[in-house]
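>>> okay, here's the prediction I keep looking at, along with the sequence it came from:
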Amino acid sequence: MSRAYVVPLTLLLLSSCKPAEEGTSSDGTGGDTETSSSTTSATTPTSGDTAGVCVPGQSQSCVCDGGAQGAEVCKPDGTGFGACVCDDPTGGVSGDASTSAGPSTDVTITTEATSDATTDVTASSTDASTSGGSTSGGSTTGQGGACQDLMSFELVPGDATLSGGWMLTMSMLGEGQVASLPNPMMNNMGSVLYSPDIPCDDTWYIWVRALDQGSNDSYFCTLDGEPNPKPIFEGDCSNQGNSYKWARLNWRDPMAQACMYIEDPWAPMWAAGVHEIEFSYRESSAIGRILLTNDMNLVPP
């Protein structure tokens, strides 16, 4: 009888211990899946814990670009929070910081286009109230087509390409910066090359600040490399003076007598674009700025 009693007691003890072995520990390791899931879902997610499980529809605050406050909402499946929704300064709502950077790029492009347009207008503007048109320093930006207005512009010696013995110096006669040959008798090679950017198609009159020292008042000159041989440009035929003076470009054949010109003025019909005006030494050892105009009546002061 005693043996039959011991066996049931042992089985009863083993049966009462089994649920404790299958119970779930606090970290969920090796436990029952259903019990673990129930325990986890009861845990309240912390702010910003988008990787954890949250209550569907639950909302919490989040930080937008620039430090502004937004809100993020738990997804319907409870697997995490959606994107941080932020107020858009333009009146909409944005969750993508790169979207707000778009308009700023467009503004930059607009600014550059406006700057270019301003340059073109400035270069080709004309003051209709004066007979001489507008005058500006430096080269112009070609607009192409026939000229619609009177205009003029200057180029200074610093704009020219100097070669041989020519160099930039300060005038002793109050002219400012000029291109000169310090020792023309020993080093008279090279040239002073101006390359004006003509803004429109027209007849262009070229004025030169020539150095007139008595009978020493002439240069060799070509326009766009022509003609050949190089003709003579005479700044003054009075055989007197010791100063810089404006002289409208002319040319005579090297074999012709002084002051007997083939063209006076020498005014080329130039299309818009870059052209060349090249001076080299003949008698005068320095030369100043030049002025170009499509106004045949303009006389520089």
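Ah, there it is. Numbering: from 1, shown residues only.
>>> alpha carbons only for contacts and neighbour counts from here, please
Will do.
>>> show the model's pLDDT score for the residue nearest to residue 251 when sequence neighbours are not counted.
Nearest residue to residue 251, sequence neighbours excluded (CA to CA, 6 or more residues apart in numbering): residue 233, at 4.8 Å. Here the pLDDT value assigned to residue 233 is 98.
>>> from residue 254, how far off is residue 233?
10 Å (CA to CA, to the nearest Å).
>>> for the residue nearest to residue 251, give me its contacts.
Residue 233 sits next to 218, 219, 220, 221, 249, 250, 251, 252 when contact means CA atoms under 8 Å, 6 or more residues apart in numbering.
>>> so who does the nearest residue to the first one once chain neighbours are set aside touch?
Nearest-residue entry for residue 218: residue 234, 4.3 Å, with adjacent residues in sequence omitted and distances by CA to CA, 6+ apart. With contacts defined as CA under 8 Å, 6+ apart, the neighbours of residue 234 are 217, 218, 219, 249, 250, 251, 259.
>>> among the residues you listed, which are in helices?
Residues of those located in helices (DSSP state H): none.
>>> closest one of these to residue 189?
Closest approach between the contacts of residue 234 and residue 189, by CA to CA: residue 219, at 12.5 Å.
>>> for burial, what's the neighbour tally of that closest one?
25 (other CA atoms under 10 Å).
>>> then residue 268?
Residue 268: 12 surrounding residues under other CA under 10 Å.
>>> same question, residue 274
Residue 274 is flanked by 17 other residues according to other CA under 10 Å.
>>> pull up the gap between it and residue 153, please.
From residue 274 to residue 153 the distance is 14 Å (CA to CA).
>>> gap between residue 164 and residue 264?
Per CA to CA, residue 164 is found 29 Å from residue 264.
>>> er, residue 57 I mean
Residue 57 is 91 Å from residue 264, where distance means CA to CA.
>>> I'd say residue 150 and residue 294 touch.
Yes. Judged on CA atoms under 8 Å, residue 150 makes contact with residue 294 at a distance of 5.9 Å.
>>> bridging residues for the residue nearest to residue 251?
residue 219 (DSSP bridges).
>>> how near is it to residue 219?
For residue 233, the distance to residue 219 equals 5 Å [CA to CA].
>>> now do residue 149
Residue 149 is 32 Å from residue 219, by CA to CA.
>>> equivalent analysis for residue 198, please.
Using CA to CA, we find residue 198 at a distance of 23 Å from residue 219.
>>> about what we covered before: can you pick the most crowded of the contacts of residue 233?
residue 221 (27 neighbours).
>>> do a quick rundown of the helices in this structure.
Counting by DSSP H, the chain has helices at residues 2-22, 33-41, 102-124.
>>> and those, which one averages the lowest pLDDT?
Lowest mean pLDDT within these: helix 102-124, at a mean of 30.
>>> so, low pLDDT: which residues of the stretch 101-250 of the chain?
101-143 (pLDDT under 70).
>>> at 50 instead, please
Scanning the stretch 101-250 of the chain for pLDDT under 50 picks out 101-139.
>>> for the residue lying closest to residue 240 once chain neighbours are set aside, give its distance to residue 86.
Closest residue in space to residue 240, ignoring its immediate chain neighbours: residue 214 at 3.9 Å, by CA to CA, 6+ apart. Distance of residue 214 to residue 86, given as CA to CA: 82 Å.
>>> between these two, which is the more surrounded one?
Shown here are residue 214 and residue 86; by other CA under 10 Å, residue 86 has more neighbours (21 against 15).
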